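Peer 1: Pasting the sequence and the predicted model now:
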Amino acid sequence: MKRLLALLVVTAMVLALVPASITRAQDGSDIEGSLVIESWRNDDKTIWEDVLIPAFQQHYPNIDVAFSSYLPQDYNAALNAKLEGGTAGDLITCRPFDLSLALFQQGYLASLNDLPGMENFSDVAKSAWVTDDGSDVFCVPMASVIHGFIYNQTAFEELGLEEPVTEEAFLELLQAIRDDGTYEPLAMGTVDQWEAATMGYQNIGPNYWKGEEGRLGLIDGSAKYNEGGFLEAFEALGRWQPFLPNGYQALTYPDSQNLFALGMAAIFPSGSWEISVFSPLVDFEMGAFPPPPPADAETCYISDHTDIAMGINAATENMEAARLFMEWMTTQEFAELYSNALPGFFSLSNHEITLDDPLAQEFLSWRGQCESTIRSSYQILSRGEPNNESQLWEVTARLLNGELSAQEAADIVQEGLENWYEPQQ
Amino acid sequence: MNLAAKRSNRKPFPVHILVFLAPAVIIYTAFMIYPLIDSLRLSLYAPNENREEVFVGLDNYQRLLTDDLWQPRLEGAIVNNIKFFAIHMLVQNPIGLLLAALLSSQFIRGRSVYRTLIFTPTVLSVVLVGFIWRLILSPLWGISSDVLAVFGLEQYDKPWLGLEETALTTLSLISVWQYVGIPMMLFLAALISIPDELIEAARVDGATAWGVFWRIKFRLILPTVGIVGVLTFVGNFNAFDLIYTIQKATAGPNYSTDILGTFFYRTFFGIQLQPGNPTMGATIAGVMFLIILTGVLLYMFGWQRRMLQIEL
């Protein structure tokens, strides 16, 4: 009897060790005309369920759509496992660049070359979801984030300041704020490194390397980080050093956000994704201006960085319904609904849309005045070792810390790229 | 009679020993030995063009030790790790010993209160400790300049965690603050086990307080000094959490706080746009294993064997 009991206990313990995943049911209960969206945008669940999907069903009432989301950090691994196991949803939210490209190359994402409506997207908008030679596009671009400077309008009025239109005016403005002493001119720290690279270098850089011209030049080998526009961008970033807050070497990104939100700093070099963060927090009026170009520039450039898209699982059993859904995502209706539901995330289509949030509308209006481009290091250039993006983080932080000159910083990045990237050798 | 003799000759195999050993052996093998060996195996592989892992022998180790990209990072991590260890040995352990000596004295009141207070940070979460110190030292919200101002030294305030020359020392001292309770407790346990007769006898013979401490107490706790040293060594060369909490995996500024743990993490799991490289990460883990193994062996053969066991 005792033995039997012991055996039972042991069996129970062994059973308890069986991975939970085996017992977890997979939803294989798709009925015809029903779609499942896989996404990492946990926060957007209500927007999809209450706004976007009902709008789609006004056109196609017989197609059911469900939104299934993961935490951002779990998404890539969970999606890969489900694709390999053949249990992934019909529509796949696409990360930009290499992660989605790998899925397409493994045959998990369907090609969308012949999808009606794709002509509504520019080449820059599609650049994050095409093969390197541009022959296949595999996701419908959904949204981008735009870099720029958010400022404290109340402080500007108090000090009698105006939005700068050239780099010279920008530096004078920063000096005026510094001289007055009430506010820190720029809310920015270097300890996290990505602020210096992303909100500094990639924010103002396109004005110097002429947007797409310079970025594609890096990829085909005709431009270099240590000469021309890319070097000028390092020099321009270096000029920010006297305007950073006290002890900026140890300030983190959340520190900068707080510095601005509490009204202690006048200008926050950042991007449109902050709008929804700041709107409920601040008690002053906010404005925004695009990165001011050098005085002799003919046109301005902005970083309109592609961030999120949607593709079709190549193994879906509802290809027709999935394509209808994707087609709807290329329309003006979707663009307007999506951009308004998520202020700061802008539809990538060429449709004219209006936004209710004035600050978001301000960011969006720059698309009409300036040329769009994306961050220089994201396409192709961050595949090798040393990693181009990581190197930009390092050197821009050291540049602002005063440990490197602009030329030295540029040389390090160029050398790193030449180390593995053939067109640059 | 015959039967009995036979029985005594054939001793039955002591099955109960296996039963007693089994839980420890099974758990230790499954969770420690197997992953360790598998990690070392992984370090001998590398991905080819088709992203398949193929056997490459010691190529990864060669790259790590000679390649222009890897070698400076490895060297930097090892040098920083040695500094990190040296600060613990020179600051944490002497302070631990001093505190233990004070707390073992008969003349200090409220000893258990001090003991508890000093030990408390050890049981706090590293994430919490990192967050608190980040706030204390923050140039924006912190109090480091106010504290210096009390002594009229405010012009010497710096963004301690943001400068290459101060960041590693600052992090080491935070770690010392958190863990000083452990050597203190070990030393204290050793000190209070010394019989009072020895000390009284020394006093009668005319030894001073310092003489008693140095010539009698310290000699008797030497085995503990060795254990504390090797624990510090293993802990420091495995360290990762505090640096990751405060400086993130970039171990900035400019890798000045990069130690083997953070170097391994960045390589194995990747960072931002840089994809992880598990085989190279396993190689770094292999180097860490070798360094720690060497240190522990040196301790065992160079120190522990020479220790005299003194019967008290």
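Peer 2: Cool, got the structure.
Peer 1: Closest residue of the stretch 201-350 of chain A to chain B?
Peer 2: Ranking the residues of the stretch 201-350 of chain A by distance to chain B (Cβ to the nearest Cβ) places A:Gly247 first, at 2.2 Å. For glycine as for every other residue, the C-beta is placed from the backbone atoms N, C-alpha and C.
Peer 1: so who does the residue lying closest to that residue once chain neighbours are set aside touch?
Peer 2: Nearest residue to A:Gly247, sequence neighbours excluded (Cβ to Cβ, 6 or more residues apart in numbering or on different chains): B:Pro139, at 2.2 Å. B:Pro139 is in contact with A:245-248, A:250-251, B:145, B:157, B:159, B:162, counting by Cβ atoms under 8 Å, 6 or more residues apart in numbering or on different chains.
Peer 1: so what pLDDT did the residue of chain B found nearest chain A get?
Peer 2: Nearest residue of chain B to chain A: B:Pro139, at 2.2 Å (Cβ to the nearest Cβ). Note on B:Pro139: pLDDT of 90.
Peer 1: Shouldn't it be within a strand?
Peer 2: No - B:Pro139 sits outside any strand when classified using DSSP: H, G, I helix; E, B strand; the rest coil, being coil.
Peer 1: give me phi/psi at it?
Peer 2: For B:Pro139, the backbone dihedrals (degrees, to the nearest 10) come out as phi -60, psi -20.
Peer 1: What separation is there between it and B:Gly162?
Peer 2: With distances taken as Cβ to Cβ, to the nearest Å, B:Pro139 is found 8 Å from B:Gly162.
Peer 1: that older thread, want to try a markdown table for the contacts of B:Pro139, with neighbour count, distance to B:Tyr61 and pLDDT as columns?
Peer 2: Converted to a markdown table, these look like this (neighbours: other Cβ atoms under 10 Å in any protein chain shown; distance: Cβ to Cβ, whole Å; pLDDT from 0 to 100):
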| residue | neighbour count | distance to B:Tyr61 | pLDDT |
| --- | --- | --- | --- |
| A:Pro245 | 20 | 45 | 95 |
| A:Asn246 | 12 | 45 | 91 |
| A:Gly247 | 24 | 41 | 92 |
| A:Tyr248 | 28 | 40 | 95 |
| A:Ala250 | 25 | 36 | 93 |
| A:Leu251 | 28 | 39 | 93 |
| B:Ser145 | 17 | 47 | 86 |
| B:Asp157 | 18 | 44 | 88 |
| B:Pro159 | 26 | 38 | 92 |
| B:Gly162 | 26 | 34 | 92 |
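Peer 1: By mean pLDDT, flag the weakest helix or strand of chain A.
Peer 2: When the helices and strands of chain A are scored by mean pLDDT, DSSP states H and E, helix A:20-23 comes last with a mean of 37.
Peer 1: before we move on, back to that, tell me, what's touching B:Pro139 and B:Gly162 both at once?
Peer 2: Common neighbours of B:Pro139 and B:Gly162 (Cβ under 8 Å, 6+ apart) are A:247-248, A:250-251.
Peer 1: Could you work out the most separated pair of these?
Peer 2: A:Tyr248 and A:Ala250 (7.5 Å; Cβ to Cβ).
Peer 1: Now do the shared contacts for those two.
Peer 2: In contact with both A:Tyr248 and A:Ala250: A:189, B:139, B:159, B:162, using Cβ under 8 Å, 6+ apart.
Peer 1: is it fair to say the last one lies in a strand?
Peer 2: No - secondary structure of B:Gly162 (three-state DSSP): coil, not part of a strand.
Peer 1: isn't it right up against A:Ala250?
Peer 2: Yes - using Cβ atoms under 8 Å, B:Gly162 is in contact with A:Ala250, at 3.2 Å.
Peer 1: Can you name the next helix or strand after the one helix or strand B:Val79 maps to?
Peer 2: Using DSSP states H and E, B:Val79 falls within helix B:70-87. Next along the chain after helix B:70-87, taking DSSP H and E as the criterion, comes helix B:93-103.
Peer 1: So which elements touch that following helix?
Peer 2: Under the contact criterion of 3 or more Cβ pairs under 8 Å, 6 or more residues apart in numbering or on different chains; DSSP states H and E, helix B:93-103 touches helix B:111-123, helix B:181-192, helix B:222-237.
Peer 1: That's all I had, so thanks and see you.
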